[in-house]
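1. Sequence first, then the predicted structure:
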Amino acid sequence: MPIQITTTLPDEDQPVLGNGVEDEVAVDRESAPTNYGDVRIQIRETGQSAWDASAEGFGEFVGAYDTLSMEFVGRLDGEEYEVRARTETEHVTGAWTEPVAITTKFPGVTELTATAISETEVELEWIDNADNESGQEVIRERRVNDGWWPERIVEDVGPNTESFVDDTAPSDTELRYRIRAYTPYAEGVSNTDTATTDDLGIPRRRIPASGWRVEIEHPDQDAPLTPTVLEGATPKAILNDFPRVEIPVPESGRWDDDTLERAEMRVWKDGERLPIERFERPVREPGRVVLHGRGGIELDKDVEFDVGQIEDVDDVVRELLDTETPYAKTVDDPAADVRGDVSVLTADTTTTYQSAFAEIDAITGNDVPVELLLNPSRIATAPIAWLQSSDEAVETPQLARIDEPDTYWRGRAHRLEQSGDALEWDFDVRHAVDAGNVALRIRKEQPVADENPGVRFYLDGTEIGTYPVDLEGSTSEGAPEWFDLEITSTVTDDLDAGTHTLRVEVIDESASSDGEWIVDGFGAGDDAYPVDWSLGSGASAIVDGVIQGPPIYPDSVQITTEIQSTIEQVIGGRFTVDANNTAGQFAVEISNDGGETWVSASNTEEVEGAFASGTTQLQGRVTLSRFDEDATTSPAVGDGRQEISGVDLFADLDTTPFAQGSAYDGTVMEVLQQLADTHGFIFELAWDDTAETISVEWTQPGQRQATTSAPVLDYQTETDSETVVEKTIVYGRSRRVRDQEVELPPDGLADIGDDYIQPGTERVADPDTGEVYTIGDDYEILFNEGVIGVVDGGALDGGATVIMDFETRIAAEYELPSADGSGDTIRETVESASTRQLASQAAIAITTRLSEPQRGARVTLDRERGFGLVGALDIEDVPAGPQVVREIEGAEREVDVRLGDRLSAREVIDDVRQRVESVARRL
């Protein structure tokens, strides 16, 4: 008997819904889980209790098992529907999926137009595209100055409406409308359109010529609130901060209304608009409420930006205000001062030369062919070719000689012919030479072609090559020529600074009795610097035993000072050297862009010039060359080396404040405050009647002037001479120095360095034995001057060399040229001054800014201010010149003004510290 079984029917997967077409819900099964039967899909409005024809929006679809997509059409706009599905056959029914919900497309309103039909009416017309909206809200905004007031819902006109007349429109006002159609599940917002109503001819507001007027906008009212102002209203204006106002009004609960939070606020005093924009908070006092208002709300915006290359601070401020705020602005160009010939580098000793020039290092060796010479200390070109005659070589054994003054170098040559014959030369290299640039030559003559000894070459004891015996193709020369060992030899090791040895040795004798080399000299060179070996080859190369060439000094070698950083902008400079000769390629140059461009002067000891733009760095460069000095010694040409015995680099500094390599973040106000505080600017927010907005007024103290004839109720002036500086000593960063060699002179004192030596940190010892000497018994130190000398009768003699360990602190000072001893000398520590130049600039800045007494005043006037904070105010009847307004605080009938002509001493010093720290961070 047949057995019947029913296979398992897989359940349907959750359907994916779409609403991209109006009035339609699309269903996508994505894949069919079965291979037989049907799929049943149902739809209804969300929230219905049944899945049948009794449910609102019910629909059903039954299709073959492999039907992957279908659409339910005729749906309502903006309605939420839910869909479920299952698989089924004639034998088995699958489980329903969990319902999936979607809201149909809501077309909303289009083609809105607004037309002013009277001074207080605006007609609106639009197209209602929806068939299911619950309502349509008419939304209105009104323009005030450069902005739009908060939205207000004028009316909900309900569904199926396409026109409306707004009869609550204010006159002489630009209005902006939109229509919001909505359902419980969706909404659509129309385009916006504007209309401007005409003026009724009635004044909209009356601003009293005296006294106060305050307006606070209420979002649910067309007319602003205008409270009665009680006695004691106080405007508060402070430099570099928000303007604020405190307005006492009669007690009322309406000021606690949440809808007034951050409401627009306008304030006038004596007919003048104050820079107040927003109601901040009510403060309750007995019998009254004090309304606090503030201006500058656009400066609350958070910003974040970087300044890379140097940019004037006033330009940074302009860009910030233009980019981030709608406010007007008046940003003054700073009253810059240029200080010329400010020394940033001086070098005239071996120690300072090594610090000044990057290429010079007495410990690791110089990178280029220059060397330090003593007595006096100077920098000179070093040889790039090393030449010696065979008469100066060590010969093994005693070789056969040829004496011919007109043919051979120094009139003599040596024969290399028998095994063991050898010549050996020692030569001193003053700078490191890369192996690939090592050029080795001997000056030799081979009498017979193809007949020569076999010769091996050694450099510093290491074999570098062999020339084969009786080499076929070897030519004969009628006179000695420079023979390049590179033909048969390879140098694999760099030549460090120091003494090196070349050995030429016969290892195989020629089969011919005429097979010999006649050698009269040796040469080595650094191919990094072109060497003209042809000057030493041939019959004309020797004149009276003197070889003509090649020149032993470079035609051109450059040394560049380390970059000197400044706390002010370098706009020009001057570079001077003391040179023994300025012929050939000699040149001096200056750059303020890291060597990208140079201002140059050739064959002179000084260059001076201006740069295209300011930076905070300066460096100099010297090109040293050669000259013909003595034709009677070898070589006859290029034997004179150029030397410089003193280096001075000066900067022309522009005091224009700048930003460089800085990151700024915070509110716009916080960034403005940071820029002002760091760079010595002041600013205030004022009302600009022409622009009908707040204006940011940015300047430097004392740059603007203002006057007032307001009666003076009281004043107090002060001239503070407690700190009047004529000399400043700045101590910078400290460091530990170890194993510094110092040669003690027989008389006088030797420089340890140009910095201050910390007392008690020194250790003076013998470099060979390690014996430690005693201060006072064996040596003396002047710590402020950084010098040391021997003590008579002690264990040290003049001329001895000692090694020292000590703590040193960078020290620099500046004294006014007009100093007569009547002013103060102050000492300040600026830890971020990492170079002597930074310490020196800090000393100059502090001294010049504190060289005059601080003058100030506090004045009480009998009415509110009619002047700005940023002007240097000259008040009649007050015996003080124009003073910078530092703060203003007003009461009902009087105003207190605090004045000052400069920052306090501590503020000046802190400002300089900040500037130095900014430069030090970049270093």
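-> Now that the structure is in, tell me what you want to look at. Quick caveat, the model's predicted, so the values are computed rather than measured.
2. Specify the local secondary structure of the residue lying closest to D578 once chain neighbours are set aside.
-> For D578, ignoring the flanking residues on the chain, the nearest one in space by CB to CB, 6 or more residues apart in numbering is G646 at 4.1 Å. Just so you know, the C-beta spots here come from the backbone N, C-alpha and C atoms, and that holds for glycine as well. Following DSSP: H, G, I helix; E, B strand; the rest coil, we place G646 in the strand state.
3. Next up, the contacts around G646.
-> 347-348, 576-578 (CB atoms under 8 Å, 6 or more residues apart in numbering).
4. could those residues go into JSON lines alongside neighbour count and distance to F627?
-> Below are the contacts of G646 laid out as JSON lines (neighbours: other CB atoms under 10 Å; distance: CB to CB, whole Å):
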{"residue": "A347", "neighbour count": "22", "distance to F627": "23"}
{"residue": "D348", "neighbour count": "17", "distance to F627": "23"}
{"residue": "T576", "neighbour count": "18", "distance to F627": "20"}
{"residue": "V577", "neighbour count": "23", "distance to F627": "16"}
{"residue": "D578", "neighbour count": "14", "distance to F627": "16"}
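5. out of those residues, who's nearest Q703?
-> Of all the contacts of G646, Q703 sits closest to T576, with 35.9 Å by CB to CB.
6. In the helix or strand harbouring the closest one, which residues are buried?
-> If you go by DSSP states H and E, T576 is part of strand 564-579. Of all the residues in strand 564-579, those buried under the rule 16 or more other CB atoms under 10 Å are 564-577, 579.
7. between those, which is closest to V607?
-> Distances from these to V607 were compared by CB to CB; the smallest belongs to F575, at 5.2 Å.
8. my read: that closest one touches V607, true?
-> Yes: between F575 and V607 there is a contact under CB atoms under 8 Å: 5.2 Å.
9. residues shared between the contacts of the two?
-> Contact criterion CB under 8 Å, 6+ apart; residues shared by F575 and V607: 588-590.
10. would TSV of the residues you listed with secondary structure, distance to T325 and neighbour count be doable?
-> Formatted as TSV, the shared contacts of F575 and V607 follow (DSSP: H, G, I helix; E, B strand; the rest coil; distance: CB to CB, whole Å; neighbours: other CB atoms under 10 Å):
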residue	secondary structure	distance to T325	neighbour count
V588	strand	49	27
E589	strand	45	21
I590	strand	41	26
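11. Would you tell me which one of those residues comes nearest to T769?
-> So of the shared contacts of F575 and V607, ranked by how close each gets to T769 (CB to CB), first place is V588, at 45.6 Å.
12. contacting residues for the closest one?
-> 575-577, 600-601, 604-607, 620-623.
13. Give me the buried entries from those.
-> Looking at those with 16+ other CB under 10 Å, the buried ones turn out to be 575-577, 601, 605, 607, 620-623.
14. Just the ones of the residues you listed in strands?
-> Cross-referencing the buried ones among the contacts of V588 against strands under DSSP state E gives 575-577, 601, 607, 620-623.
15. Tell me the one among those nearest to G666.
-> Nearest to G666 among these, counting by CB to CB, is G620 at 40.2 Å.
16. partners of the closest one in the sheet?
-> Beta-bridge pairing of G620 under DSSP bridges involves I590.
17. cool, and E141?
-> Beta-bridge partners, per DSSP bridges, of E141: R176.
18. before we move on, the earlier item: just checking: what are the partner strands of the strand holding T576?
-> strand 606-624 (antiparallel), strand 643-654 (antiparallel).
19. Which among these is found nearest to G594?
-> Closest among the strands paired with strand 564-579, using CB to CB: strand 606-624, at 6.7 Å.
20. Please identify the pairing partners of the helix or strand that comes right after the closest one and their relative orientation?
-> Helices and strands here follow DSSP H and E; after strand 606-624, the next one along the chain is strand 626-627. For strand 626-627, the paired strands and their directions (DSSP bridges) read strand 640-641 (antiparallel).
21. what's the most distant pair in the buried ones among the contacts of V588?
-> T576 and T623 (14.8 Å).
22. re earlier: so which of the shared contacts of F575 and V607 is the closest to I757?
-> Proximity of the shared contacts of F575 and V607 to I757 (CB to CB) peaks at I590, which lies at 32.7 Å.
23. list the contacts for the closest one?
-> Counted by CB under 8 Å, 6+ apart, I590 has contacts 573-575, 598-599, 607-609, 618-621, 649.
24. how about CSV for these, with pLDDT and distance to G287 added?
-> What follows is the contacts of I590, written out as CSV (pLDDT from 0 to 100; distance: CB to CB, whole Å):
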residue, pLDDT, distance to G287
G573, 96, 70
R574, 97, 73
F575, 97, 76
W598, 97, 77
V599, 96, 75
V607, 96, 78
E608, 96, 75
G609, 94, 74
L618, 94, 68
Q619, 95, 72
G620, 96, 75
R621, 96, 78
L649, 95, 72
